[in-house]
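# The following comprises the amino acid sequence and a computationally predicted model.
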Amino acid sequence: MSEDAWSNLDKVDQKIIEILNNNARTPSKEIASVLKKSGHDVSDRTIRKRIERLEKNGIIKGYKAVLTDVSGINEYQAVLMKLKPSKSLETVKDYIKDFITKLDNYLLVANMEGEWNMLVIVQVNSEKTTSRKIVEKFSEELIDYRINEINIKDVNILNMSLLLL
């Protein structure tokens, strides 16, 4: 999928993606009805063709069941890490990333420029120990770290998917 595919999305495509993101089972007839109410006169056949094009272009990669959080845990922590300067800093970052991406509850690992080198976001498990384990495991490489509770709500999935480009 190219960046051009994303930049060529018009308001109708964006609205279709938004509706399907809220409920992937929304019938094309209902999508057309919603779009008509917002001033876009499109038929349900046009909606189906647009969805096919979005799938063909890799904008829509698939549909999945989203399960409720069985554990009832909806807490997240951000770990900011300042690493010791070294010639092998990139190797250290890769080592940390490899460790974290094997954790079941990680959401994001990002390299950063500036004061902090890395950002990790994890879902808090029942023991609330994941963030501490990360810090303990890499304590030899750290100058400083911060662990903050964060609240993740109202994520714009369309914009988040741009991270994958």
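Looks like it arrived, so ask away. Numbers count the residues shown, from 1 in each chain.

# any weak-confidence spans in this structure?
The chain contains residues with pLDDT under 70 at 1-7, 65-74, 126-128, 154-165.

# In it, mark out all the strands, start to finish.
Along the chain, counting by DSSP state E, strands occupy 76-83, 106-111, 118-123, 142-150.

# Tell me which of those strands lies nearest to G58.
strand 106-111 (21.8 Å; C-beta to C-beta). For glycine as for every other residue, the C-beta is placed from the backbone atoms N, C-alpha and C.

# Using CSV, write down the CA coordinates of the closest one.
Presented in CSV, the C-alpha positions along strand 106-111 are these (Å, rounded to 0.1, in the frame of the first residue of the first chain):
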residue,chain,number,x,y,z
TYR,A,106,2.7,-4.4,24.8
LEU,A,107,0.9,-2.0,22.6
LEU,A,108,3.8,0.2,21.2
VAL,A,109,7.5,0.5,21.2
ALA,A,110,8.9,3.7,19.7
ASN,A,111,12.4,5.2,19.3
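
# who does it pair up with?
If you go by DSSP bridges, strand 106-111 pairs up with strand 118-123 (antiparallel).

# CA atoms of the partner strand as CSV?
Extracted in CSV, the C-alpha atoms of strand 118-123 (Å, rounded to 0.1, in the frame of the first residue of the first chain):
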residue,chain,number,x,y,z
MET,A,118,12.4,5.1,23.8
LEU,A,119,8.7,5.0,24.6
VAL,A,120,6.9,1.8,25.5
ILE,A,121,3.2,1.5,26.1
VAL,A,122,1.9,-1.6,27.8
GLN,A,123,-1.5,-2.7,29.1
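
# got the domain boundaries for this structure?
Taking automatic domain parsing as the reference, the chain has its domains at 3-56, 76-150.

# Now render the ones you listed as JSON lines, adding distance to K64 and mean neighbour count.
Shown next, in JSON lines, are the domains of the chain (distance: least, C-beta to C-beta, whole Å; neighbours: other C-beta atoms under 10 Å):
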{"stretch": "domain 3-56", "distance to K64": "8", "mean neighbour count": "14"}
{"stretch": "domain 76-150", "distance to K64": "16", "mean neighbour count": "15"}
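
# Can I get the strands of the chain in CSV including distance to G39?
What follows is these, written out as CSV (distance: least, C-beta to C-beta, whole Å):
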stretch, distance to G39
strand 76-83, 37
strand 106-111, 36
strand 118-123, 38
strand 142-150, 37
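
# mind putting the domains of the chain in a markdown table, distance to G62 included?
What follows is the domains of the chain, written out as a markdown table (distance: least, C-beta to C-beta, whole Å):
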| stretch | distance to G62 |
| --- | --- |
| domain 3-56 | 8 |
| domain 76-150 | 19 |
